[in-house]
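1. mind looking at a prediction? Sequence and model below.
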Amino acid sequence: MTESTGSELIVREDMPLEATAPGDTVRASWNFSLDKMRQDTTHFTEEERTLLIALFRWCIDPLHPIRRDIAAERLECSPQLIYQLLTGKYRKPDPAGSIKVKQEDGSIKHFSPAHPSPEFMRNLRVFLALEAKKYAALTDDFVLTPTANRVFTACKLGIESHTPVILSGTSYVGKSWALKHFQAHNNHGRTFLGEMEAIGGLGSVARVMAEAAGVGYKGNTAKLLKKVRNATSPDTLWLLDEMHLLHHTYRRGSFFACVENIRRIYDFTQCGMVLCWTNLEHLQNASQDELLQIWRRGVHKVNLGNMPTKGDIGCILFHAGLSGEPIMDETGDRAVKNCVFPERDLEAAVRVRKKTIVEKPYDIIRQLAKRDGLKAITERIRYGRKLANKKEGKIAWEHFVDAHLRIEKNAQAPEEWT
């Protein structure tokens, strides 16, 4: 089969890498792994390698999976061309080439490695840009808050310093949401996101990181960790979320083994890392003993606090249409002190069972932020918007308070009958 570049396809494809994964047809269509891809594409330019790896990483991501044949159709080429480019087996006829291939008639034909055509690279850039825009349009619920900005700063510090950044903060302040947003919108081909699991131990860490890196999840723990190291380069950024879950295991010492193996990957590759914790207690307790090395390597430590800030909530309220636009400071960032917040004495009246209940949104929000985190506030906004839609109107503080009262009522046990 001849491609538009004038090169020829001279090898057959291997068996799908994940052929035995039930229902995982998208991953099976990309039948190669990132560690092998890095080794096989060293003859490409840095830009060619970066874009091809970005194509592979984008299409196997569970957030926006795309089969290879669909991607090939969008790129106006054949699936076989993508296969041979990513496996380094794309060749062009060359009388002086060092690669010899025996033809069906017994003759010998010479080939040399070929680069992707300018037309293919142009289509690839357009494809990745359009996919990023489509994904951003589908995830427009993300709100850039001061805390999200601090998470982005932690990620950038990891890239610039090539060190593990220790990111910590209580549950539901927006850590995971911000990490996912950063990974999807910043150099997708070199930014890997993995969420740790409880109880699984070192084997689970290896599987999570292997799957995030695109090297498959089959093999023993030592083999998977080696493949992860080979797929990681100094310009890679690892975002490892839910690190505190590594302590929840039956095996004594497993927590230290997991963290130390992650440190060894960093030592081997000198990549950037962001280690995200909800509870730093176990790491801090061992910071001068078993985990001294990872603690000292983590020069940058970013603490997001124990509750959402007023700036975070102010930006979310503006996004929901419940407050005015935050005032920008001189740098163009939303300064925390300038975020608009409901007045302390603002009251909203709600009619419940022929009774009028008056609540202060400020007090409700402050209580929820301290007790439950951002999710409790955003859920009341969602519920309030639903109540407003029933009346064909825009959300107002009355709808927010109404949603709050309904949620609090559902949490109460029913009254005893007499």
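-> Perfect, thanks for sending it. Keep in mind that this is a model prediction, so the values were computed, not measured.
2. and the helix or strand that contains residue 293, what does it pack against?
-> Assigned by DSSP states H and E, residue 293 belongs to helix 292-297. Other helices and strands packing on helix 292-297, by 3 or more Cβ pairs under 8 Å, 6 or more residues apart in numbering; DSSP states H and E, are strand 164-168, helix 254-269. For every residue, glycine as well, the C-beta is placed using N, CA and C.
3. could you list the low-pLDDT ranges of the stretch 101-250 of the chain?
-> 101-106, 108-112, 137-140, 187-189 (pLDDT under 70).
4. and residue 343, how many neighbours?
-> As a burial measure, residue 343 scores 10 neighbours (other Cβ atoms under 10 Å).
5. ditto for residue 263
-> 19.
6. how about residue 231?
-> Neighbours of residue 231 using other Cβ under 10 Å come to 24.
7. in contact with it, which residues?
-> Counting by Cβ atoms under 8 Å, 6 or more residues apart in numbering, residue 231 touches 33, 34, 35, 38, 213, 214, 215.
8. of those residues - the most surrounded one?
-> Highest count within the contacts of residue 231 by other Cβ under 10 Å belongs to residue 215, 27 neighbours.
9. would you check that it makes contact with residue 227?
-> Yes - Residue 215 lies in contact with residue 227 (Cβ atoms under 8 Å); the separation is 4.3 Å.
10. and the chain, split by domain according to the record?
-> 25-138, 153-303, 326-409 (automatic domain parsing).
11. so which of the ones you listed is nearest residue 146?
-> For residue 146, the closest of the domains of the chain is domain 326-409, at 5.1 Å, according to Cβ to Cβ.
12. quick check: mean pLDDT across the closest one?
-> Across domain 326-409, the average pLDDT comes to 83.
13. quick check, distance from that domain to the centre of its chain.
-> 29 Å (Cα atoms, centre = their mean, to the nearest Å).
14. can I get the CA coordinates of the helix holding residue 293 in PDB?
-> What follows is helix 292-297, C-alpha atoms only, in PDB (Å, rounded to 0.1, in the frame of the first residue of the first chain):
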ATOM      1  CA  LEU A 292      13.400  11.500  54.500                       C
ATOM      2  CA  GLN A 293      14.600  11.400  50.900                       C
ATOM      3  CA  ILE A 294      11.300  12.300  49.200                       C
ATOM      4  CA  TRP A 295      10.600  15.000  51.800                       C
ATOM      5  CA  ARG A 296      14.000  16.700  51.100                       C
ATOM      6  CA  ARG A 297      13.600  16.400  47.400                       C
END
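15. tell me the helix or strand right after it.
-> Heading C-terminal from helix 292-297 (DSSP H and E), you reach strand 301-303.
16. other SSEs contacting the helix or strand following that following strand?
-> Per DSSP H and E, the first helix or strand lying C-terminal to strand 301-303 is helix 310-320. Judged by 3+ Cβ pairs under 8 Å, 6+ apart, helix 310-320 is in contact with helix 146-161, helix 374-390.
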